[in-house]
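*Asks:* what shape does this take:
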Amino acid sequence: MTLKTARMRPKIGSITLAVIVSLYILAVANYTFWSRAYVYFDGHRLAFVGFVIGMIALTVAIAVTVSVKYLIKPVLILLLLAAVAAAWFTDRFGVIIDREMIRNAAVTTQSEAQHLITTKFILYMLLAGVLPSLFIAAVRVVHRPFPSKFLHNMAVIVPCITVIAVIGMGFYPTYAAVGRIHRDLMMTINPHFPLGSAVYFTATYGDNLNLVRQPIGTDAHQIPAASPAKPRVLIIVAGETARGQDFSLGGYGRDTNPEMKARGVTFFPDVTSCGTETAVSIPCMFSVYKRTEYSYRKGLVTDNLIDVLGHAKVGVEWWDNDTGMYGVADRIKYKYLPDSRDPRFCKDGECLDTILLDKLDDWLSSVKGDSVLVLHQLGSHGPAYYLRYSDSARRFTPDCRAADFATCKPEEITNAYDNTVVMTDQVLAAVIDKLKAHQAALAGSMIYLSDHGESLGENGIYLHGAPYFIAPKEQTHVPMALWLSDDFASETRLDTACIAARAKLPASHDNLFHSVLGLMEVETSVRDASLDLISPCRRPTDKLAAK
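*Replies:* A predicted model of the protein is given here:
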């Protein structure tokens with residue numbers, strides 16, 4: 001750039017630029033934040049005005065703090081782009097970008113991400129993010145000599161901090177009450193909370209590397225099956241984004257589960273999830289820990305259900321059609337089916353869940369001993385619900401045929417989502433039918449449990465991933481279903497009528513670890529009889545009967 005060209009660029013003071021960018025971010029990228037604040041401070045309008053002034057002062061103070069030479073432009077551009085990007089998902093879907101959402105984003109697949117990076121998103125980023133960033137990059141920032149600059153910056157920062165302190169103390173009772181009741185409010189401020197979450201995730205990422213796994217259940221062993229014995233086979237179908245209230249087996253008004261109903265599955269209508277996103281729920285539901293005890297680190301360092309089954313010499317395998325198994329199946333045979341790119345099932349890196357059925361007959365034919373197979377569905381993952389089902393499952397129309405909800409009516413979004421549930425119903429019924437087809441050689445069973453639910457616009461929220469303490473029931477109420485062949489029930493001495501009665505009781509992901517061990521008659525010191533939904537329905541003579 002020539003000296004003449006540089007002189008033609010508009011000049012602006014560093015503090016002035018910091019204030020302009022701060023006001024722009026607060027005005028353009030915080031619709032959800034201000035909307036919630038206005039509602040939450042209902043009846044306390046003076047406190048709301050003070051809150052607005054305080055947030056402006058806080059944002060300006062942060063921006064002025066970084067308004068130093070060589071730092072101001074890249075930092076302000078980062079703040080602006082982060083705020084605008086976060087605003088798109090917060091304002092459009094009601095998503096809160098916390099640490100777990102950052103973790104989800106870090107492990108998401110390209111095919112999954114492409115449904116969120118739409119043309120409208122790109123256009124929005126260009127207009128609201130890139131163009132203002134180009135302005136920041138183009139202007140000449142005027143910096144004073146350091147001593148003078150320090151004093152001028154402090155002349156802004158100190159009054160801002162003073163304003164925050166005075167307003168905070170003046171309305172402390174109101175702010176404390178709103179903060180306690182509406183903990184989600186400050187989670188929607190952009191870019192403060194998303195960037196803080198990203199920094200925390202990055203800072204703690206190294207803590208989860210090179211961990212030493214702690215074995216549990218090494219005393220696990222199976223009780224021999226009743227004679228004559230066939231290999232006991234359990235297929236665990238880990239669902240994705242299925243909300244319990246959309247399953248007709250649980251009382252939903254639409255008939256979304258005709259196939260499972262025809263096959264006499266036992267449905268558990270009152271089940272809650274461990275998390276609201278796959279990266280939390282999958283490792284949690286297979287762990288020995290209750291939801292209230294579970295942490296990401298604990299999941300990494302402790303043997304899980306798959307490992308304990310292995311200790312008991314049960315054959316275990318995992319087939320994945322979702323975004324991965326999050327370390328759960330690191331020590332067993334694992335197949336990531338989208339890698340096959342089979343054109344019968346797959347397109348653009350994603351596959352219909354019918355791919356899970358393709359080699360199932362071959363696997364069942366090869367079983368020689370007691371075995372567990374995990375099938376991890378893509379299920380009802382949004383926002384592109386229409387890509388999750390085939391024409392045979394397209395029962396409810398008109399259905400939303402786009403990943404951008406803004407182009408669809410609410411009833412079209414619901415229709416598309418319910419079609420994904422119909423598709424899951426067909427897949428689960430096919431699993432049962434294949435188990436029946438091999439009943440001469442195997443004693444088969446199937447358990448289905450979704451990882452989390454989904455919001456479809458209730459209270460302005462879409463998709464999933466809300467922090468658990470404020471998550472709506474649509475994201476935590478999940479479906480669970482169990483099917484046992486006559487041979488499996490007979491060999492394991494289970495009373496199916498008893499199981500059907502117990503299914504009406506509240507349950508959760510906490511029960512999966514212990515119930516699967518109960519189903520497979522695995523004795524171990526880590527099986528908690530109080531969390532085993534199955535063994536209480538075993539005949540009293542069995543060693544695994546609940547004590």
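*Asks:* how about the helices in the stretch 351-500 of the chain?
*Replies:* For the stretch 351-500 of the chain, helices defined by DSSP state H, counting those that start in this stretch occupy the ranges 360-366, 410-437, 473-476, 486-491, 496-502.
*Asks:* actually, the stretch 51-200 of the chain.
*Replies:* Using DSSP H, counting those that start in this stretch, helices in the stretch 51-200 of the chain cover 72-93, 99-107, 110-114, 119-124, 131-138, 146-170, 172-181, 192-205.
*Asks:* now render these as a markdown table, adding mean pLDDT, distance to A437 and mean neighbour count.
*Replies:* Where C-beta positions appear, they are placed from N, C-alpha and C, glycine not excepted. A markdown table is the format used below for the helices of the stretch 51-200 of the chain (pLDDT from 0 to 100; distance: least, Cβ to Cβ, whole Å; neighbours: other Cβ atoms under 10 Å):
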| stretch | mean pLDDT | distance to A437 | mean neighbour count |
| --- | --- | --- | --- |
| helix 72-93 | 93 | 42 | 21 |
| helix 99-107 | 77 | 36 | 18 |
| helix 110-114 | 73 | 32 | 14 |
| helix 119-124 | 92 | 46 | 13 |
| helix 131-138 | 94 | 60 | 15 |
| helix 146-170 | 92 | 68 | 14 |
| helix 172-181 | 87 | 56 | 13 |
| helix 192-205 | 84 | 46 | 16 |
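*Asks:* hmm, back to that, who wins for proximity to I236 among the helices of the stretch 351-500 of the chain?
*Replies:* helix 410-437 (10.3 Å; Cβ to Cβ).
*Asks:* report all helices and strands that that closest one contacts.
*Replies:* If you count contacts as 3 or more Cβ pairs under 8 Å, 6 or more residues apart in numbering; DSSP states H and E, helix 410-437 packs onto strand 232-239, helix 258-262, helix 360-366, strand 443-450, strand 455-456, strand 477-484.
*Asks:* now the shortest one: mean pLDDT?
*Replies:* If you average the pLDDT over strand 455-456, you get 95.
*Asks:* what does that strand contact?
*Replies:* With Cβ atoms under 8 Å, 6 or more residues apart in numbering as the contact definition, strand 455-456 has outside contacts at 94, 243, 410, 413-414, 417, 461-464, 466, 472, 474-475.
*Asks:* so which of the helices and strands packed on helix 410-437 is nearest I117?
*Replies:* strand 455-456 (20.4 Å).
*Asks:* sheet partners, orientation included, of that closest one?
*Replies:* Here strand 455-456 is paired, per DSSP bridges, with strand 462-463 (antiparallel).
*Asks:* any idea how far the strand it pairs with is from the chain center?
*Replies:* Once both centres are worked out by Cα atoms, centre = their mean, to the nearest Å, strand 462-463 turns out to sit 11 Å from its chain's centre.
*Asks:* cool, and stretch 57-72?
*Replies:* How far stretch 57-72 lies from its chain's middle: 34 Å, per Cα atoms, centre = their mean.
*Asks:* what's the first-to-last distance across that stretch?
*Replies:* From its first residue to its last, stretch 57-72 covers 18 Å (Cα to Cα, to the nearest Å).
*Asks:* what does stretch 27-44 give?
*Replies:* Taking Cα to Cα as the measure, stretch 27-44 stretches 22 Å from start to finish.
*Asks:* can you check stretch 224-244 too?
*Replies:* 35 Å.
*Asks:* mean confidence score for it?
*Replies:* The model assigns stretch 224-244 a mean pLDDT of 90.
*Asks:* out of the contacts of strand 455-456, which are buried?
*Replies:* By neighbour count, with 16 or more other Cβ atoms under 10 Å, the contacts of strand 455-456 hold 94, 243, 413-414, 417, 461-464, 466, 472, 474-475 as buried.
*Asks:* farthest-apart pair in those, please.
*Replies:* Farthest pair in these (Cβ to Cβ) is T414 and A466. Separation: 19.0 Å.
*Asks:* quick one, phi/psi of I20?
*Replies:* I20 has phi and psi values of phi -60, psi -50 when expressed as degrees, to the nearest 10.
*Asks:* can you tell me how far it sits from V84?
*Replies:* For I20, the distance to V84 (Cβ to Cβ, to the nearest Å) stands at 15 Å.
*Asks:* now swap in A29 and tell me
*Replies:* Applying Cβ to Cβ to A29 and V84 gives a distance of 5 Å.
*Asks:* which among the contacts of strand 455-456 gets closest to T204?
*Replies:* Once Cβ to Cβ is applied, the member of the contacts of strand 455-456 that ends up nearest T204 is A466, at 21.1 Å.
*Asks:* my read is that that closest one contacts F93, right?
*Replies:* No. With contact defined as Cβ atoms under 8 Å, A466 does not count as touching F93 (10.2 Å).
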